[in-house]
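Q: how would this look folded up:
(chains A and B)
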Amino acid sequence: MKTPFMHRRHFLQAVSGAALAFPWFSGLALQGADASKAPRRLVCIGLDFGVRPESFFPTGQGTNLELTPLLKPLERWQRKMTVFSQLEHPGVQGGHYGVHAFLSGVRREQASQYADGCVTIDQVAEEHLGGLTRLPSLCLGVGRGDDISWTRSGIAVPKMEDPGAVFDLLFRPQRKSTASSRLAELNENDSVLSLIAEDAKRVATRLDRWDREKMDEFMGAMRDFERANATNKTWLDKPLPVTAGKRPTLGGDGCMDQVRANFDVAALALQADATRIITLNIGGGLPVTNIPGITRGYHDLSHSGQDPDKLRQLHIIESALMAEFDRFLEKLSTMKDIGGTSLLDNTTVVFGSGMGNASAHANTNLPVILAGGGFKHGRHLFFPKNGRQQTPLCDLYVTLLQQMGVERDKFGSNKGNLNQLLV
Amino acid sequence: MSKDQNPLNLRAFIKSSGIALRNLSIPPATKTVNMDGEAKITITIEKSPK
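A: Now for the predicted structure:
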């Protein structure tokens, strides 16, 4: 059987005109931005299995929030973070199969119903800011989990799962080839991309709907390639950033040390301004049985039901994850930024999951924490249901994008924004 | 008249950029270089099964 080839709606738009109009980083036009002003950064952390709702969501509302056992490790950040309840992605269901929509509000299978497909918030921010740093964005993963970052072409951004290799990529020369041979390689890439774009115009007239969609995805990947190539050229002759930080090493409990190493390299990347946009997926494949007291796998424990022993073990894991998140926030708060501010003051940090209740495979009432400067914090924001209508998590994402300087009022399934509550 | 015609390994080309290949349908393609040294890439469409 022949492999079905080709998907999606922007293809004809993409191939019309004399050449493919590859979208450019808006950031390249912002190169002359005020250097005395600290840039905004975005870090999004997603947990495949979420957290046990009963242990997470505070009972009080507004500033009267009472920290639950899982939020206790974050107590010192209470004035610098906001906890949200009852936000969700309307129409996103499927338990584990809905988790990858955490940062987009759109499952990949639903992408064709949305103008921007299933693009995630980090990739939209990258389109705006990516050209300003050596790496437009950084996608990290630990525990072989779901894809957390998606391009508007419907392609998952590959996760880097080795923090040591990420450190090397950021701070150590990668190739022995000379700059001129590397430039020749990048120019050859441009040449091939240009020839592909040329023939794509011919092919476009011969496609049925299904093939057009497949072809559109393929051409989206080509646009991503061209953007990456352009960024590589821009940074080719610029020295690598310097860090005083150490290459992350493992050697702790064989589980949370992996999470910590990812947080550490993320903080170093932000500090060196090697990138301003980072996603980190904490997957279900975390080797949790390496933690003392844990005898079952993470997935098994996430289906805790009311089993006291499973609940006890799950609490150990989730508390440890919260402790690592606390440590990450501390790291950002101690790293100095422009104008006497800290990195945390200028970084938007989202911590949460596309899974509301793993035990029930529910994608509703998603756990979300927003931390970092630039927002009115210190509260538990509860969004009651209005009939069957729920406040979309994408309302929050629109506010976050606007704070990053991205001028848009639509994202995913949003109906509005949360500016009045947060800005 | 073509001087040289070879299959183009688009999969390897895309992979070199770091773009994820999973979920991506990649069409077969051929690269042709004519007598004047001009290159051309031809994408092949394979019809989807009905």
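Q: residues touching A:Glu161, list them.
A: A:140-142, A:144 (C-beta atoms under 8 Å, 6 or more residues apart in numbering or on different chains). Yep, even glycine has a C-beta here, placed from its N, CA and C like the rest.
Q: from those residues, list just the buried residues.
A: A:140-142 (16 or more other C-beta atoms under 10 Å in any protein chain shown).
Q: re the thing from before, looking at the contacts of A:Glu161, which is nearest A:Val265?
A: Comparing those against A:Val265 with C-beta to C-beta places A:Leu140 closest, at 7.4 Å.
Q: ok, A:Phe375 touching A:Leu421?
A: No - using C-beta atoms under 8 Å, A:Phe375 is not in contact with A:Leu421; the gap is 9.1 Å.
Q: who has more neighbours, these two?
A: A:Phe375 (19 against 16; other C-beta atoms under 10 Å in any protein chain shown).
Q: that one and A:Lys331, how far apart?
A: Distance, A:Phe375 to A:Lys331, using C-beta to C-beta, to the nearest Å: 20 Å.
Q: for A:Leu183, state which of the contacts of A:Glu161 is nearest.
A: For those, the nearest to A:Leu183 is A:Leu140 (28.8 Å; C-beta to C-beta).
Q: tell me which element that closest one falls in.
A: Per DSSP states H and E, A:Leu140 falls inside strand A:138-142.
Q: repeat that for B:Gln5.
A: Counting by DSSP H and E, B:Gln5 is part of strand B:2-8.
Q: in that strand, which residues are buried?
A: For strand B:2-8, burial by neighbour count (16+ other C-beta under 10 Å) applies to B:Leu8.
Q: which strands and helices lie in contact with the next helix or strand after it?
A: Toward the C-terminus, strand B:2-8 is succeeded by helix B:10-15 as the next helix or strand (DSSP H and E). Other elements packing on helix B:10-15 under the criterion 3 or more C-beta pairs under 8 Å, 6 or more residues apart in numbering or on different chains; DSSP states H and E are helix A:179-204.
Q: quick one: is the helix it packs on near chain B?
A: Yes - against chain B, helix A:179-204 shows contacts by C-beta under 8 Å from any C-beta of the partner chain at A:189, A:191-192, A:195-196, A:198-200, A:202-203.
Q: just curious, which of these is nearest to A:Glu217?
A: A:Ala200 (12.3 Å).
Q: quick check: domain ranges of chain A?
A: Annotated domains of chain A cover A:40-172+A:242-422, A:178-239 [automatic domain parsing].
Q: what's the span of the last one, first residue to last?
A: End-to-end span of domain A:178-239 (C-alpha to C-alpha, to the nearest Å): 13 Å.
Q: just the buried residues of the residues of helix A:179-204 next to chain B.
A: A:189, A:192, A:195-196, A:198-200, A:203.
Q: let's have these in a markdown table, adding pLDDT and distance to B:Ser25.
A: Formatted as a markdown table, those follow (pLDDT from 0 to 100; distance: C-beta to C-beta, whole Å):
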| residue | pLDDT | distance to B:Ser25 |
| --- | --- | --- |
| A:Asn189 | 93 | 21 |
| A:Val192 | 93 | 18 |
| A:Leu195 | 93 | 19 |
| A:Ile196 | 93 | 14 |
| A:Glu198 | 91 | 20 |
| A:Asp199 | 91 | 16 |
| A:Ala200 | 89 | 14 |
| A:Val203 | 86 | 13 |
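Q: out of those, who's nearest A:Phe225?
A: Looking across these and measuring by C-beta to C-beta, the closest to A:Phe225 is A:Asn189, at 7.3 Å.
Q: for burial, what's the neighbour tally of A:Gln236?
A: Actually, residue A:236 is Leu rather than Gln. Around A:Leu236 there are 12 other residues, counting by other C-beta under 10 Å.
Q: tell me how far it lies from chain B.
A: Distance from A:Leu236 to chain B, counting by C-beta to the nearest C-beta, to the nearest Å: 15 Å.
Q: since we're on A:Asp307, how many residues are nearby?
A: Neighbours around A:Asp307, by other C-beta under 10 Å: 14.
Q: I should have written A:Arg182 there, sorry.
A: 16.
Q: what's opposite the residue positioned nearest the centre of chain A in the beta bridge?
A: Note on chain A: the residue nearest the mean C-alpha position is A:Thr279, at 3.3 Å, using C-alpha atoms, centre = their mean. The residues listed as beta-bridge partners of A:Thr279 by DSSP bridges are A:Cys44, A:Cys139.
Q: isn't it right up against A:Ile148?
A: Yes - contact status for A:Thr279 versus A:Ile148: in contact at 4.9 Å, counting by C-beta under 8 Å.
Q: quick check: end-to-end length of stretch A:281-299?
A: End to end - C-alpha to C-alpha - stretch A:281-299 spans 15 Å.
Q: does it reach chain B?
A: No - against chain B, stretch A:281-299 shows no contacts by C-beta under 8 Å from any C-beta, the least distance being 13.5 Å.
Q: could you do stretch A:120-136 as well?
A: No - against chain B, stretch A:120-136 shows no contacts by C-beta under 8 Å from any C-beta, the least distance being 10.5 Å.
Q: close to chain A: what parts of chain B are there?
A: B:8, B:10, B:13-14, B:16-20, B:22-27, B:29, B:31, B:39-43, B:45-49.
Q: swap in 7 Å and give it another go.
A: Counting by C-beta under 7 Å from any C-beta of the partner chain, the positions of chain B adjacent to chain A are B:13-14, B:17-20, B:22-27, B:39-43, B:45-49.
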